[in-house]
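Asker: Predicted model, plus sequence, below.
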Amino acid sequence: MDTLSPPQPDPVPQTAEGAPGPATASPAPDSLQEPGTSGHGCGTCRRRAVVSWQRRPTDSELADVRGLEEKRRAEAVELSQPAPDFGPLPTADDVLVAVYACAQHAISLEAAARIHQSGCTAPNEADLPDCDCTPKQLPTSPLGVAPLVELPDHWMPAGQ
């Protein structure tokens with residue numbers, strides 16, 4: 001007999017070093033969400049989010065991330081001998097914050113693929129489908145990925 005398991009909490013955002021990242025926006029009210037959704041709501045109207053993108057953290061969000069990391073490090077030092085070397089605390093370049101929007105408040109696909117500045121106002125309706133910042137340029141080629149190879153015409157995807 002199949003049983004339904006309770007919904008699992010969303011994973012905590014992390015920095016490039018694996019430290020806990022900033023908390024995302026609180027989940028949208030149940031009345032605006034469909035059952036089974038992730039719990040993330042549009043940053044403007046709180047309806048179910050259908051798109052997300054990333055931006056750098058604000059000063060207060062970065063302070064929260066650094067505070068959590070300092071607490072984690074202090075607890076790790078108490079539990080281990082000798083004390084581990086953690087390296088520097090995360091900076092704004094190490095942390096990304098997820099931004100969510102419904103279909104009505106979504107930015108363009110090209111803009112969503114790029115990392116935005118910390119003060120980006122998207123999904124502000126006045127700026128849509130763009131935003132008020134200059135997002136980071138996409139890399140010219142994927143890192144460490146070989147160029148795509150054109151397959152011969154007689155090759156077909158599996159199962160066709």
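Answerer: Here it is on my side, so go on. Residues are numbered from 1 along each chain as shown.
Asker: Residue 113 is in contact with residue 136, correct?
Answerer: No. Counting by C-beta atoms under 8 Å, residue 136 does not reach residue 113; the two are 10.3 Å apart. All C-beta spots, glycine's among them, are computed from the backbone N, C-alpha and C.
Asker: What's the first helix or strand after the worst-scoring helix or strand of the chain on mean pLDDT?
Answerer: For the chain, the helix or strand with the lowest mean confidence is helix 109-112, at a mean of 88 (criterion: mean pLDDT, DSSP states H and E). Later in the chain than helix 109-112, the nearest helix or strand by DSSP states H and E is strand 115-116.
Asker: who touches the least confident helix or strand of the chain?
Answerer: By C-beta atoms under 8 Å, 6 or more residues apart in numbering, the residues outside helix 109-112 that reach it are 51-53, 106, 122, 129-131, 135.
Asker: hmm, which two among those residues are most spread apart?
Answerer: Comparing all pairs in these by C-beta to C-beta, the longest separation belongs to 52 and 130, at 16.6 Å.
Asker: ok, the nearest residue to residue 137 once chain neighbours are set aside - contacts?
Answerer: Leaving aside its sequence neighbours, residue 137 sits nearest to residue 114 (C-beta to C-beta, 6 or more residues apart in numbering; 7.2 Å). Shown in contact with residue 114 (C-beta under 8 Å, 6+ apart): 53, 135-138.
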